[in-house]
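S.K.: When you get a sec, could you give me coordinates for this:
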Amino acid sequence: MNAASGDAMKHDGLSLLESRVAADLARTAHPRAPWLKPVTGPDGQPAHDVIIVGGGQSGLATAFGLLRSRVDNILVLDKAPAGQEGPWRTYARMHTLRSPKDFTGPDLDMPCLTYQSWHEAKFGADSWDELALIPKGHWADYLDWFRHVTGLPVRSEAEVVDIAPDSGLLAVTVRSRGVESRLYARKVVLATGQESMGDWSLPAPIAALPAQRRAHCAQAIDFTALAGKRVAVIGAGASAFDNAATALEAGAAAVHLLCRRKEIQVVQPYRWLTFRGFLRHLGDLDDAWRWRFMSAVLGLREGFPQATYDRCAVHDAFRLHLGSPVISAIDGPGGVELATPCGSVTADFVICASGIEIDLAARPELARFAGNTASWGDRYTPPPAERDERLARFPYLGDDYALSERVPGATPWIADIHLFSIASTMSFGASGSSINAMTTAVPKLVSGLTRGLFRADVGTLWEEFQAYDVPQAVLRSPARGG
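M.R.: Sure thing, here's the model as predicted:
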């Protein structure tokens, strides 16, 4: 088989799969009846039923779930250019996903929409059988295809900078190419990934360094410029190893990975909790059990697979420093001197991969209501041995993923803002930031959204029910015998 015929077969495979998707979606569309009536915004233009902020995998899966529930008047907004949503083509520096290849996600249990179906249609069944882990570029391509084949309405280069109440709706201010405009919606879903409720953590000693000396792991980094340089990576989770490996592969003279703990995290707790009972029902437990489980999980660093470690370990220039939190960082003519309890490390460039900070006030779109958004610390006091101020700052969510008020009545409208991101973890476990939780978490979120829309319209729906007079049969006089 020549290359041209192989390419033609792959194209035909995707075409056949897309036909199958269309047929399966049509066959499983019950009930088909539309049930939401158009709503007009204060500007006289149609308002959306739901606006989803974030066009990565979680935002796309949520939009698909809503369409399946006949919530059709939706819009997905993402600040990135088309194709750059999420981390996969930007700051994700692993070679492959860490999840097993057969984990399902945005497909929401529709076999024709799984990654496996796409991969086999594009590359063949033999390629799937030989595949160990999904290359990150393939996953990004799959998400692009998923967005296309399901017809999701996504607007790119649209950054949400404010959310406010207006005439019983949520006014969403969007900045696109320097121009601001307002959209209106009944509900908003924040599917904004890792930095959804704050920003990436940059410890004070590192933040004080000149900008040309440091970066956090989610920033664009010119790794080619690090060839022959000394690099320090702060953190010891999977992302820290990814960045260390990328620097080593770019030719860094030395890469020092500084782990504050005395032992490296090699156990991945998310592998244990990947079963339906936990994924579906952790959020149904009382606060004590939810806190106990998630404080234990989030108290650990993200575990990494063997291949992630090996990317670093094969290089003689790699140095792992255990029990080495950074005490101070001083920039000088010879480089940045990082003081740790185990001695000093000198580097030309520092990459920080130490996680996220929950700080709603740091997000412009949340600033208006940040002060009245309830946190776990506002709602639950754990036993002394389980207390953790960092986790106490996570938002305390309702059973529909909605934000809740710290002072009731001050900002009641935030009950129509639903959070589906890494910051949902304390309330629901793996959810808005996890591929393996999508098939349980997205239906729960969508159910909460449709429940709220239905309850808000129940009076109108009652009137419609009472007025319903479409006959199902026509009665005729019985034929009379001769």
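
S.K.: who touches residue 162 in this structure?
M.R.: Contacts for residue 162 were tallied using Cβ atoms under 8 Å, 6 or more residues apart in numbering; they are 171, 172, 173, 364, 365, 367, 368. (Each C-beta comes from the backbone N, C-alpha and C, glycine too.)

S.K.: Now, those residues that are in strands?
M.R.: In this view, the contacts of residue 162 that belong to strands under DSSP state E are 171, 172, 173.

S.K.: who wins for neighbours among the residues you listed?
M.R.: The most crowded member of those, judged by other Cβ atoms under 10 Å, is residue 172 (25 neighbours).

S.K.: okay if I get the ones in strands among the contacts of residue 162 as CSV plus distance to residue 186?
M.R.: Formatted as CSV, the ones in strands among the contacts of residue 162 follow (distance: Cβ to Cβ, whole Å):
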residue, distance to residue 186
171, 12
172, 11
173, 17
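
S.K.: now, which of the residues you listed sits nearest residue 438?
M.R.: Sorting the ones in strands among the contacts of residue 162 by how near they are to residue 438, with Cβ to Cβ, puts residue 172 at the top with 24.3 Å.

S.K.: circling back: from the ones in strands among the contacts of residue 162, pick the one nearest residue 274.
M.R.: For the ones in strands among the contacts of residue 162, the nearest to residue 274 is residue 172 (34.2 Å; Cβ to Cβ).

S.K.: Let's verify the residue lying closest to that closest one once chain neighbours are set aside: helix, strand, or coil?
M.R.: Sequence neighbours aside, residue 183 is the residue nearest to residue 172 in space, at 4.7 Å (criterion: Cβ to Cβ, 6 or more residues apart in numbering). Three-state call for residue 183 (DSSP: H, G, I helix; E, B strand; the rest coil): strand.

S.K.: go on, residue 22?
M.R.: Following three-state DSSP, the label given to residue 22 is helix.

S.K.: again with residue 255
M.R.: Secondary structure for residue 255, judged by three-state DSSP, is strand.

S.K.: In contact with it, which residues are there?
M.R.: The contact partners of residue 255, taken as Cβ under 8 Å, 6+ apart, are 230, 231, 232, 233, 244, 247, 248, 312, 315, 317, 318, 319.

S.K.: Now render these as TSV, adding pLDDT.
M.R.: Shown next, in TSV, are the contacts of residue 255 (pLDDT from 0 to 100):
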residue	pLDDT
230	98
231	98
232	98
233	97
244	97
247	98
248	98
312	96
315	98
317	98
318	98
319	97
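
S.K.: Mind checking which of those residues are in strands?
M.R.: Per DSSP E, these map to strands at 230, 231, 232, 233, 318, 319.

S.K.: Beta-bridge partners for the fifth one, please?
M.R.: For residue 318, the beta-bridge assignment (DSSP bridges) gives partners residue 255.

S.K.: would residue 338 count as being in a helix?
M.R.: No - counting by three-state DSSP, residue 338 falls outside a helix, being strand.

S.K.: Now it. Nearest residue, chain neighbours left out?
M.R.: Nearest non-adjacent residue to residue 338 (Cβ to Cβ, 6+ apart): residue 345, at 4.7 Å.

S.K.: So the one you found sits against residue 232, correct?
M.R.: Yes - using Cβ atoms under 8 Å, residue 345 makes contact with residue 232 at a distance of 5.7 Å.

S.K.: shared neighbours, these two?
M.R.: Residues within reach of residue 345 and of residue 232 at once, by Cβ under 8 Å, 6+ apart, are 256, 258, 338.

S.K.: just to revisit the earlier point, which one among the contacts of residue 255 gets closest to residue 212?
M.R.: Looking across the contacts of residue 255 and measuring by Cβ to Cβ, the closest to residue 212 is residue 231, at 13.6 Å.

S.K.: what are the bridge partners for the closest one, then?
M.R.: Counting by DSSP bridges, residue 231 forms beta bridges with residue 255, residue 349.

S.K.: that older thread, next, work out how far apart the residue nearest to residue 172 and residue 162 are.
M.R.: 11 Å (Cβ to Cβ, to the nearest Å).

S.K.: I appreciate the help and will end here.
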